[in-house]
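**Q** sequence and predicted structure below; questions after.
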Amino acid sequence: MEHEFLMPGKFFITDKSVIIETVVGSCVSVCLYNVESGEAAINHFLQDVPLAKEKVDIGQYGLTSTEHIVNVLTARDPVPDHYVAQVFGGADLVEEGQAGGDIGGRNVQIARQILNVHRIRIIREEVGGKRGRCIRFNTATNTVFCEFTDRLEHQNCAQ
């Protein structure tokens, strides 16, 4: 089976069987799956919303990235009941007193908000805490392996 590593600020949409790995800290990944067609998508966003209105890289922000993967899949099949989502990340990695506040918490909230607007059910969440997570999304089965990690750089998740 094909393997892909998803870098921060990117998303991946497929109708093929793929193992997609990523490592999130305060970032969040939404794994979206169509239970009827098997189409799937995942994102890895860094912040909840863009601060400026100029040209925005949609992959960087939960508002734009999550909206994008939902819109691409629902353009093919608009029935909300055909979709389920899993949400990972949103750790609180910023030292107390540092600027930035609860980035992880805001990232989780925007993911929940977008999924709620589109009436997509969240079937699993592993969010918050003080450590990063290594995730492996199998688009053939909609299973996600998730474990804590202290390394947030590119790595292969445990088998």
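**A** Now that the structure is in, tell me what you want to look at.

**Q** pLDDT weak spots in this structure?
**A** Applying pLDDT under 70 to the chain flags residues 94-100, 152-159.

**Q** C-terminal to the strand or helix carrying Glu126, what's the next element?
**A** Applying DSSP states H and E as the criterion places Glu126 in strand 121-127. Scanning forward in sequence from strand 121-127 by DSSP H and E, the next helix or strand is strand 132-138.

**Q** can you give me the strands in this structure?
**A** 2-5, 10-14, 18-24, 28-34, 40-44, 83-89, 121-127, 132-138, 143-149 (DSSP state E).

**Q** how near is the residue nearest the centre of the chain to Pro50?
**A** Centroid check for the chain by C-alpha atoms, centre = their mean gives Ser29 as the closest residue, at 1.6 Å. From Ser29 across to Pro50, the span is 19 Å (C-beta to C-beta, to the nearest Å). In short, each C-beta sits where N, CA and C put it, glycine included.

**Q** which among the strands of the chain is found nearest to Val70?
**A** Closest to Val70 of the strands of the chain, according to C-beta to C-beta: strand 28-34, at 6.7 Å.

**Q** just want the angle from the closest one to strand 40-44.
**A** Calculated by axes from the mean of the first three to the mean of the last three C-alpha atoms, to 10 degrees, strand 28-34 forms an angle of 170 degrees with strand 40-44.

**Q** and strand 28-34 with strand 10-14, angle?
**A** 10 degrees.

**Q** Thr143 and His82: what is the separation?
**A** From Thr143 to His82 the distance is 18 Å (C-beta to C-beta).

**Q** and the strand holding Glu126, which strands flank it?
**A** Paired with strand 121-127 in the same sheet, following DSSP bridges, are strand 83-89 (parallel).

**Q** who's in contact with the partner strand?
**A** Contacts to strand 83-89, defined as C-beta atoms under 8 Å, 6 or more residues apart in numbering, come from residues 24-35, 70, 73-74, 104, 107-108, 111-112, 115, 118, 120-127, 132-133, 135, 137, 142, 144, 146.
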